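S.K.: dropping a prediction and its sequence here:
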Amino acid sequence: MFFVLLWSILESRIMSKHGRVLVAMSGGIDSTVTAMMLHAEGYEVIGITMKTWDYASSGGSSKETGCCSLDSINDARQVAVDMSFPHYIVDIREEFGDYVIDNFVDEYLAGRTPNPCVLCNTHIKWNSLLKRADAMDCEFIATGHYAKIQEAGGRKFIQKAKDLNKDQSYVLWGLSQECLERSNFPLGNYTKPEVRQMAKDFGYLELSKKGESYEICFVPDNDYRGFLKRRVDGLEERVAGGQFISSKGEILGEHKGYPFYTVGQRKGLGLAFGEPMYVTEIQPESNRVVLGPVQELVRNGMAVGQLNLMKYTDLYKGMEATTKIRYKDSGALSNVVQTADNQVEVEFYANVHGVAPGQSAVFYEGDDVVGGGIIMGSSRNNG
């Protein structure tokens, strides 16, 4: 039996033009077309669907949708059956929950705004993929992200996708050189309409019509406040009765608890003012939320930690870069200087609004990702 299995592996290797690749398949159009493309190009494809979250345990009211739903898993499996390549389902709920969800909760309780998708990519999905790739003797891993991988000076780095409306380079800043060496993003050179057309060309008309999924996978109803309340026993009672204050310390009213607000928020404050007011700062120690007019969101610099550099080995001499502080941010010109192994200081050439501690900052040189990190704090423009 062993020799039959060994010959089967050797035979598939001989038939494969490019080697064996493990493809992360969520059941959505992007990852599915990725698997189809690589299969058509002559790779020996193995599909894998990672179950990261059990919707029933979230306590939300929404219908089960997205990458962890049974329908999505079945969609991924069906494509693998149709195209005659293996497909496996891997349960990583325990490692996902311990790391990503605990961090998500802890960050909000610390008064910061987390980005769980970045954390999941960096610490969970890629580690899980690489571990399974090694076990299955796969040289490469592939995903349906819209991004490119380039190389210069002996280093790999992420580059923006052809389709800038779908570009996902921002959420991939945390990938290590080891991950980049073995990763493949086939969709980086295509637009979303082109990917939909490929699904049709492969004979999957319904797949080509499949919608996008933007919500956090473990918050399917997009109600992160409700998720926190269900996740942390007695949270509402612990944080109730906090104060809204001005930047001068004036009491403006009472809020429902500091974890339920984010920097830059304007709606849902429950107070009426003569002008639009925004959350400018969160003070978890005193359960206070600072409000102010839009001018008080202005910042001219920030400290960024948990640094991961891609294109260069260090930035101690500093460099000019376009810095993005949110996924859909267009970016702002800045000077980025490394101050420690794991930290940089960013000085913006023009003022920016809504720098939120806990979010990702990603530094670009043209379309190339130089690196990124987590925003630790910001400096206010007093000019």
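M.R.: It's in.

S.K.: report the mean confidence score over stretch 318-337.
M.R.: For stretch 318-337, the mean pLDDT works out to 96.

S.K.: same check on stretch 252-265?
M.R.: Stretch 252-265 comes out at a mean pLDDT of 95.

S.K.: which residues touch it?
M.R.: Applying C-beta atoms under 8 Å, 6 or more residues apart in numbering, the external contacts of stretch 252-265 come out as 108-109, 111, 113, 225, 228, 235-236, 238-246, 269-271, 278-284, 287-289, 291, 297, 353-357. Where C-beta positions appear, they are placed from N, C-alpha and C, glycine not excepted.

S.K.: end-to-end on that stretch?
M.R.: 16 Å (C-alpha to C-alpha, to the nearest Å).

S.K.: got the buried residues for it?
M.R.: Buried residues in stretch 252-265, counted by 16 or more other C-beta atoms under 10 Å: 252, 255, 256, 257, 258, 259, 260, 261, 262, 263, 264, 265.

S.K.: show me how far it is from its chain's centre.
M.R.: Centroid displacement of stretch 252-265 relative to its chain, using C-alpha atoms, centre = their mean, to the nearest Å, is 25 Å.

S.K.: spatially nearest residue to residue 178 (excluding sequence neighbours)?
M.R.: Nearest non-adjacent residue to residue 178, counting by C-beta to C-beta, 6 or more residues apart in numbering: residue 130, 7.6 Å away.

S.K.: list the residues that contact that neighbour.
M.R.: Shown in contact with residue 130 (C-beta under 8 Å, 6+ apart): 141, 178, 179, 182.

S.K.: name the element it belongs to?
M.R.: Secondary-structure assignment from DSSP states H and E places residue 130 in helix 126-135.

S.K.: what's the answer for residue 23, then?
M.R.: strand 20-24.

S.K.: CA atoms only for that strand, dumped as CSV, please.
M.R.: Written as CSV, here are the backbone C-alpha positions of strand 20-24 (Å, rounded to 0.1, in the frame of the first residue of the first chain):
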residue,chain,number,x,y,z
ARG,A,20,2.7,21.3,-5.8
VAL,A,21,0.8,24.3,-4.4
LEU,A,22,-1.6,24.5,-1.4
VAL,A,23,-4.4,26.9,-2.2
ALA,A,24,-6.5,28.5,0.6
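
S.K.: mind jotting down where the helices sit in the protein?
M.R.: Assigned by DSSP state H, the chain shows helices spanning 2-15, 29-41, 70-83, 93-96, 102-109, 116-119, 126-135, 177-182, 192-201, 205-208, 224-231, 235-239.

S.K.: need the residues that contact the last one.
M.R.: The set of residues external to helix 235-239 that reach it, using C-beta under 8 Å, 6+ apart, is 228, 229, 256, 257, 258, 259, 260, 287.

S.K.: wouldn't the last one be in contact with residue 111 here?
M.R.: No - using C-beta atoms under 8 Å, residue 287 is not in contact with residue 111; the gap is 9.6 Å.

S.K.: about what we covered before: tell me the two of the buried residues of stretch 252-265 that are most distant?
M.R.: The most widely separated members of these, counting by C-beta to C-beta, are 252 and 259 (18.7 Å).

S.K.: how about residue 358: what's its closest non-neighbour residue?
M.R.: That would be residue 112: by C-beta to C-beta, 6+ apart, it lies 2.9 Å from residue 358.

S.K.: count of residues packed around the one you found?
M.R.: Using other C-beta atoms under 10 Å, residue 112 has 22 other residues around it.

S.K.: same check on residue 364?
M.R.: Residue 364 is flanked by 22 other residues according to other C-beta under 10 Å.

S.K.: residue 164 too?
M.R.: As a burial measure, residue 164 scores 11 neighbours (other C-beta under 10 Å).

S.K.: could you check how far it is from residue 269?
M.R.: Separation of residue 164 from residue 269 (C-beta to C-beta, to the nearest Å) stands at 33 Å.

S.K.: kindly report the same for residue 306.
M.R.: Look at residue 306 and residue 269: by C-beta to C-beta, they are 31 Å apart.

S.K.: please tell me I have it right and residue 143 contacts residue 33.
M.R.: No - Residue 143 is beyond contact range of residue 33, at 11.6 Å (criterion: C-beta under 8 Å).

S.K.: great, nothing more from me.
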